[in-house]
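Asker: Fold the following and give me the result.
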Amino acid sequence: MNSGIARAAALAVLIAACAALPLPTPAEDFGARTVQGVVTGEQGRPVEGAAVSLENLATSALRSYLTQADGRYVFHRVNNFQDYRLSARYQGRSGESKTLSRFDTSDPAVVNLKVPAGR
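Answerer: You can find the predicted model right below:
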């Protein structure tokens, strides 16, 4: 009977030890990061409603985001192992694009963009 209690106690300790281990990172988050920034106009003020594009240079896959009132944009779950081109467009005009390299390991990666004055 004592061996049954000892086994139950050992099992309880094993279960408690396993419960304390960190969970693995979900597969969809492995190698992923956030890319964010602010779109400003020529005067340095944030631009609301600018269309920011994030283009995967290997696959040409494109994601877009419209900036908020504070000019901010954010892309989640961006592959760390690919290069990207970011650009902003506002009122029919495009600003200079910027490249985010896979060798830039910052997370979040901050890429601020500028757009020329609208029409």
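Asker: quick one: low-confidence ranges for this protein?
Answerer: Applying pLDDT under 70 to the chain picks out residues 1-2, 4, 8-30, 118-119.
Asker: Report the central residue of it.
Answerer: Centroid-nearest residue in the chain, with CA atoms, centre = their mean: residue 34, separated by 1.5 Å.
Asker: List the residues that contact that one.
Answerer: 74, 75, 76, 77, 78, 107, 108, 109 (CB atoms under 8 Å, 6 or more residues apart in numbering). C-betas here are computed from N, CA, C, even on glycine.
Asker: Would you mind measuring from it to residue 90?
Answerer: Distance, residue 34 to residue 90, using CB to CB, to the nearest Å: 23 Å.
Asker: Show the residue spans covered by the helices in this structure.
Answerer: Counting by DSSP state H, the chain has these helices, from start to end: 2-20.
Asker: all strands of it, in order?
Answerer: Secondary structure of the chain (DSSP state E): strands at 32-40, 51-56, 62-66, 72-79, 84-90, 93-94, 98-100, 109-110, 113-114.
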